[in-house]
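Q: Can you look at this prediction? I've put the sequence above it.
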Amino acid sequence: MTCSNMATELSPGLKQAALPEDAIEVGRILDAWGVKGWVKVLPHSAEPEALFAAKDWFLQAPEARFRPGFSAFSGTVSISLQECKVHSDTVVAKIAGLEDRSAAEALRGARIFLPRSSFPSASKDEYYWVDLIGLEVVNREGLSLGTVRDLMTTGPQAVLCVEYQNVAKDGTSSAAERMIPFVAAYVDAVDVPGKRITVDWQPDY
């Protein structure tokens, strides 16, 4: 008596894989693009150089709330890229071995991961957003202003979203957020190994 293999049959171009230990989520697949195995991608960063530099991406299924009933694969799969480029206001990529639009559509919502070690080296005074998340922000007087929860773009500049505990007059505290422009006029130093950003900023700004 033999047991049948009930694992999901993978589409061409998808290979079962293990997620790298230093994997970072860098975007998600929005939908198919065209009819020959291209997909449209939503990067999590405004500067998706890591997506362009990588030869292989790792995919995981979307959260159930984002796309219930996802069945293209389970666990983690890897894909190889034939091409990845900017098109209009988004990023599009051709998955090697995937030639069918319906197979590309089946990947809608899939989360894209890359190993941090594969990211291209940043230029001097440039940083990957993922490296800034979680860093403590202190001002010139050494006062802690909170930790970086996220970054956002407002036109030509990025802004640090810094989370801190706001203490009310009755002694109760609650999570609050302050925005600090990530520009040289306010940022004195970024110490990624030391997990600290020093800024010219006051808590009442």
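A: Perfect, I can see it now.

Q: can we go C-alpha only for contacts and neighbour counts from here?
A: Noted.

Q: Measure how buried the closest residue to Ser80 other than its chain neighbours is and give me the count.
A: What sits nearest to Ser80 in space, not counting adjacent residues and going by C-alpha to C-alpha, 6 or more residues apart in numbering, is Asp56, at 4.4 Å. Residues lying near Asp56 (other C-alpha atoms under 10 Å) number 18.

Q: what's the answer for Leu114, then?
A: Number of residues near Leu114 (other C-alpha under 10 Å) recorded here: 22.

Q: residues in contact with the helix or strand that contains it?
A: For Leu114, the host element (DSSP states H and E) is strand 111-115. Identification of contacts with strand 111-115 by C-alpha atoms under 8 Å, 6 or more residues apart in numbering yields 20-29, 50-51, 54, 57-62.

Q: filter those residues to the buried ones?
A: 24-29, 50-51, 54, 57-62 (16 or more other C-alpha atoms under 10 Å).

Q: Quick check: helices, which of those residues are part of them?
A: Using DSSP state H, 50-51 are the members of the buried ones among the contacts of strand 111-115 that sit in helices.

Q: which one of the buried ones among the contacts of strand 111-115 sits closest to Phe119?
A: Nearest to Phe119 out of the buried ones among the contacts of strand 111-115 is Ala50 (C-alpha to C-alpha; 5.1 Å).

Q: Next, the contact list for the closest one, please.
A: 114, 118-120 are the contacts of Ala50 under C-alpha under 8 Å, 6+ apart.

Q: show me what contacts the residue minimising distance to the centre of the chain?
A: In the chain, the residue lying closest to the centroid (C-alpha atoms, centre = their mean) is Val26, at 2.8 Å. With contacts defined as C-alpha under 8 Å, 6+ apart, Val26 is in contact with 43-45, 48, 51, 111-114.

Q: which two from the residues you listed end up farthest apart in space?
A: Pro48 and Arg111 (14.6 Å).

Q: between these two, which one's more packed in?
A: Set Pro48 next to Arg111 and count neighbours by other C-alpha under 10 Å: Arg111 wins out with 22 against 17.

Q: Helices of this structure, residue ranges please.
A: Here the chain has its helices, by DSSP H, at 49-53, 101-105, 129-132.

Q: For the shortest one, buried residues please.
A: Judged by neighbour count (16+ other C-alpha under 10 Å), helix 129-132 contains these buried residues: 129, 132.

Q: now it, how far from the centre of its chain.
A: Distance, stretch centre to chain centre, for helix 129-132: 10 Å (C-alpha atoms, centre = their mean, to the nearest Å).
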